[in-house]
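*Asks:* Sharing a sequence plus its predicted fold:
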Amino acid sequence: MDFKSILTGWYKQNRRDLPWRSTSNPYYIWVSEVILQQTRVAQGLAYYQRFTNTFPTIYDLANAHEDTVLKVWQGLGYYTRARNLHNAAKLIVNQHNGKIPPEYSELIKIKGIGDYSAGAIASFAFKKAVPAIDGNVYRIIARIFGVFSLPTSAQGKKDFHQIVMDLMDKEAPDTFNQALLDFGALQCVPKSPKCGDCPFQDYCYAYRNNMIDSLPVKGKKLIPRDRYFTYLLIQFGYNTFISKRKSKDIWHSLYEFPLIETEKALSPNLLHKHKALKEWVGTKGYTIIYISDMVKHLLSHQTLHTRFVIIRIDSISKKLSQECTMVPTSEVSHYSTPKLIDNFLAAEPAAKYFLSPQDFH
DNA sequence: AAAGCGGGGCA
DNA sequence: TGCCCAGCTTT
C-alpha cells in the first residue's frame, strides 16, 4: 500500500472530531488556524469557541474594537496573532467584499498567514491540493523517510515541501493534510511515539534504524534572558492606574500597571529609595500597603522576575496623569492584561489589599 | 539565518 | 527542567 492509503486508513479509525472540521466556513477555519499556531488543540479549543461566539462573522470581527479582540485572546499568548487577525478581517471586509481568498498565493499575502496557515486554509476550506506543513508533518516525514534536513532552514523547508507534494492525495487534499496533523498529534508524537501499533512500522526509517529520538533534526535552543519587573498597583480612592504597552516588546497592546524595570532584582529596601518610585507616586505622600515576593514568569525567550507593590496615594503625580489612565479598580478586569498580571490579580494578596473595598480613614 | 514573540502540558 | 505545540514577522 502506498503512503496516502495507509495514512487514510489510520485516519478513518483515529480522526479527532474538532469543531473547525464540522464547518466549511473559511472564516472559522482561518480563525482556528491562527489560534492553533504554536498552540495545542487542548489549549486552543475554548478560545476557538469563545472567539467564534463573540465574533460569529468576519464582519463582527472587523467592526470590533481591538481591545475587545485582545480581551477574548487574553491568556492565549502571541498577541500579535490577534491584532493581525483583526486587521486582516478589516482589510478583507473593506477591500474584498468580506470574502476570504481561496488561493494559497493570495492567502500568503495576508499578514498573520504564513506558509503553513495558507496551505491549511486553502486545502481545508477550498480543497486546494497544497501542503500544510507544521511541526507534526516535519516530524512524521523526517522519521518515516529519514530526512535529516533542518526544518527551520530554507533548504529544509524545500526538501519537506517536495516530499509532501509527492505524497499528496490530490483528490482529497483536505483529508490528507488533516490526517497528517492527527497522525502527528496522536501517533507519531515527539516523545515516546506509539511505534508498537504504527501502520508505517515496516518502512519507517527512524524505527528501523532506532533513530526515533534523533529525528527530526533540531536547531540550537536559545537561552532566555532574565528581566526584573516591579509593578506598582497604585490606589487613589477606589481607582487605579493602567497603561497600554506600545513599544516593540512583549505584550504589545496589552494593559499593565506602572512598571519599574531594573537590571537586577529590586529589593524592598532599594525600592523605597528608587527614583522611579518617587516619579510614579509623587512627593506628596504615599503609603506602601503590600510588597509581594518575587514571582517568576516564564516566556519562551525571557524569564521575568516580578514583584507586585500595592501603594495608596493622596494626590496624582504628573507622571501618572501623563502616562496612565485612571480606572475604577473594580474595572481592571475589563482590560486585557498579561497572564503574569492576571495571575496576581486572581491571587489572595490582590483580593485582600487591592481589589476589595478599603477603608481610607 | 536568527531573533522575538506566550503560555501550557507532560515525561 | 526541557521540550514542543495546527508558526509568523522582523531584523
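*Replies:* Structure's in. What do you need? Quick caveat: nothing in here was measured; it's all calculated off a predicted structure.

*Asks:* Could you export stretch A:171-190 as PDB, CA atoms only?
*Replies:* Only the C-alpha atoms of stretch A:171-190 are listed here, as PDB (Å, rounded to 0.1, in the frame of the first residue of the first chain):
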ATOM      1  CA  GLU A 171      -8.300  14.100  -4.900                       C
ATOM      2  CA  ALA A 172      -8.800  14.800  -1.200                       C
ATOM      3  CA  PRO A 173      -6.100  17.200  -0.100                       C
ATOM      4  CA  ASP A 174      -8.100  18.400   2.900                       C
ATOM      5  CA  THR A 175      -8.400  14.900   4.400                       C
ATOM      6  CA  PHE A 176      -4.800  14.100   3.500                       C
ATOM      7  CA  ASN A 177      -3.500  17.200   5.400                       C
ATOM      8  CA  GLN A 178      -5.800  16.700   8.300                       C
ATOM      9  CA  ALA A 179      -4.700  13.100   8.600                       C
ATOM     10  CA  LEU A 180      -1.100  14.100   8.800                       C
ATOM     11  CA  LEU A 181      -1.800  16.500  11.600                       C
ATOM     12  CA  ASP A 182      -3.800  14.000  13.600                       C
ATOM     13  CA  PHE A 183      -1.200  11.300  13.000                       C
ATOM     14  CA  GLY A 184       1.500  13.600  14.300                       C
ATOM     15  CA  ALA A 185      -0.600  14.700  17.300                       C
ATOM     16  CA  LEU A 186      -1.800  11.200  18.300                       C
ATOM     17  CA  GLN A 187       0.500   8.500  17.000                       C
ATOM     18  CA  CYS A 188       3.900   9.900  15.800                       C
ATOM     19  CA  VAL A 189       4.200  12.200  18.900                       C
ATOM     20  CA  PRO A 190       7.500  13.900  19.800                       C
END
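
*Asks:* What residues of that stretch count as buried?
*Replies:* Neighbour counts over stretch A:171-190 (16 or more other Cβ atoms under 10 Å) mark A:172-188 as buried. Every residue, glycine included, has its C-beta placed from N, CA and C.

*Asks:* So that stretch, near DNA strand C or not?
*Replies:* Yes. Shown here: stretch A:171-190 in contact with DNA strand C (Cβ under 7 Å from any atom of the strand) through A:Gln178, A:Leu181, A:Asp182, A:Gly184, A:Ala185, A:Pro190.

*Asks:* Now do the contacts for the first one.
*Replies:* By Cβ atoms under 8 Å, 6 or more residues apart in numbering, the residues touching A:Gln178 are A:Tyr11, A:Arg15, A:Arg21, A:Phe124.

*Asks:* List the ones among those that fall in helices.
*Replies:* Among the contacts of A:Gln178, the ones falling in helices (DSSP state H) are A:Tyr11, A:Phe124.

*Asks:* quick one: low-confidence ranges for chain A?
*Replies:* A:357-361 (pLDDT under 70).

*Asks:* Nearest to DNA strand B: which residue in it?
*Replies:* Going by Cβ to the nearest atom of the strand, DNA strand B is nearest to A:Gly77 of chain A, at 2.6 Å.

*Asks:* Contacts only, for that residue.
*Replies:* By Cβ under 8 Å, 6+ apart, the residues touching A:Gly77 are A:Gln38, A:Thr39, A:Lys339.

*Asks:* wait, which of the residues you listed is closest to A:Ala265?
*Replies:* A:Lys339 (20.8 Å; Cβ to Cβ).

*Asks:* Without its sequence neighbours, what residue ends up closest to the closest one?
*Replies:* In space, and not counting its chain neighbours, A:Lys339 is closest to A:Gly75: 5.6 Å by Cβ to Cβ, 6 or more residues apart in numbering.

*Asks:* Got the phi and psi for that neighbour?
*Replies:* phi 100, psi -10 (degrees, to the nearest 10).

*Asks:* My guess is it contacts A:Leu340. True?
*Replies:* No. In terms of Cβ atoms under 8 Å, A:Gly75 does not count as a neighbour of A:Leu340; the distance is 10.8 Å.

*Asks:* Tell me which of these two has more neighbours.
*Replies:* More crowded of A:Gly75 and A:Leu340, by other Cβ atoms under 10 Å: A:Leu340, with 21 against 15.

*Asks:* For that one, what is the enclosing helix or strand?
*Replies:* helix A:339-346 (DSSP states H and E).

*Asks:* does any part of that helix sit near DNA strand C?
*Replies:* No. On the criterion Cβ under 7 Å from any atom of the strand, helix A:339-346 is out of touch with DNA strand C, staying 14.3 Å away.

*Asks:* Filter the buried residues of stretch A:171-190 down to the ones in helices?
*Replies:* If you go by DSSP H, the buried residues of stretch A:171-190 have A:Pro173, A:Asp174, A:Thr175, A:Phe176, A:Asn177, A:Gln178, A:Ala179, A:Leu180, A:Leu181, A:Asp182 in helices.

*Asks:* can the residues of stretch A:171-190 next to DNA strand C go into CSV with extra columns for distance to A:Ser292?
*Replies:* Below are the residues of stretch A:171-190 next to DNA strand C laid out as CSV (distance: Cβ to Cβ, whole Å):
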residue, distance to A:Ser292
A:Gln178, 46
A:Leu181, 42
A:Asp182, 43
A:Gly184, 41
A:Ala185, 38
A:Pro190, 36
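
*Asks:* How many neighbouring residues does A:His272 have?
*Replies:* Neighbourhood size, A:His272 [other Cβ under 10 Å]: 11.
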